[in-house]
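Engineer: I'd like to go over a predicted model; first the sequence, then the structure.
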Amino acid sequence: MFRIAPLILMTLCASTPDMTGATSLAAGGGQTMRSATKARDIGGFTLGMNIRDPTKLSSVTNIGNDQYQTVRDGIEYDFGVTRLGRIYRVDSSQHLGRFRPDAAFMHDLKAKLTAKYGRPLHASFGTFNWSLVEPVKHADGETLPFETNWASAYFDDGPDVTVHIKLIDFRIMWQDDALVNRGPRDEAREKVSF
């Protein structure tokens, strides 16, 4: 689901100059990045890092197109990578074994997630969400609110309990797509004649 919507929005936004201003925060560039969470990593794999950097932590395998995977300390990771090689999505799955999650487990899980990522915007039994909604200007000039950066955590409770965490920042993907598009777009603008 998250693969389709960003591509549509990216297509709408990548051609507008205002989009690069909105996404420049994702590159750092000396500016403070707004974020849905306090931390922007799972297990040391950070949003915005180049895909070459995780190889210093663990061997990484390309599983097709923009997706990479690794296993580190028993935790499975999956990355979404931009056309310039930066990570814009990190997923993790940690298998915890066979037990029945109870209030004590939930309390500890929520405390650990809150300590690292900040207080979730939404929390119900076993599901936690963080979200940053920002105005995004589309190619047609219309500015609409969009969830540019979000995180979620939840667990599967049977028969083996698995905790899943996902971080995603569409601004990183949009910025890199805009940079890749800039040269061909400028050439095309020069070629247009009537």
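Structural biologist: Right, received. Where do you want to start?

Engineer: which residues does Gly43 contact?
Structural biologist: Gly43 makes contact with 72-73, 75, 77, 92 under the criterion Cβ atoms under 8 Å, 6 or more residues apart in numbering. (Each C-beta comes from the backbone N, C-alpha and C, glycine too.)

Engineer: nope, Ile87 is what I was after
Structural biologist: By Cβ under 8 Å, 6+ apart, Ile87 lies in contact with 45-51, 54, 79-81, 172.

Engineer: which parts of the helix or strand harbouring it are buried?
Structural biologist: Here Ile87 sits within strand 87-97, counting by DSSP states H and E. Buried positions in strand 87-97, judged by neighbour count with 16 or more other Cβ atoms under 10 Å: 87-94.

Engineer: before we move on, what about stretch 165-183?
Structural biologist: By neighbour count on 16+ other Cβ under 10 Å, the buried set for stretch 165-183 is 165-179.

Engineer: Out of those, which sit inside strands?
Structural biologist: Here DSSP state E is the test, and the buried residues of stretch 165-183 give 165-169 as lying in strands.

Engineer: most neighbours, which of the contacts of Gly43?
Structural biologist: Counting neighbours by other Cβ atoms under 10 Å, Tyr77 leads the contacts of Gly43 with 23 neighbours.

Engineer: what residues does the very next helix or strand once past the strand holding Ile87 touch?
Structural biologist: The helix or strand immediately downstream of strand 87-97 is helix 103-117, counting by DSSP H and E. Residues outside helix 103-117 that contact it (Cβ under 8 Å, 6+ apart): 37-39, 99, 120, 123, 125-126, 128, 130, 151, 153, 155, 163.

Engineer: Sounds good, over and out.
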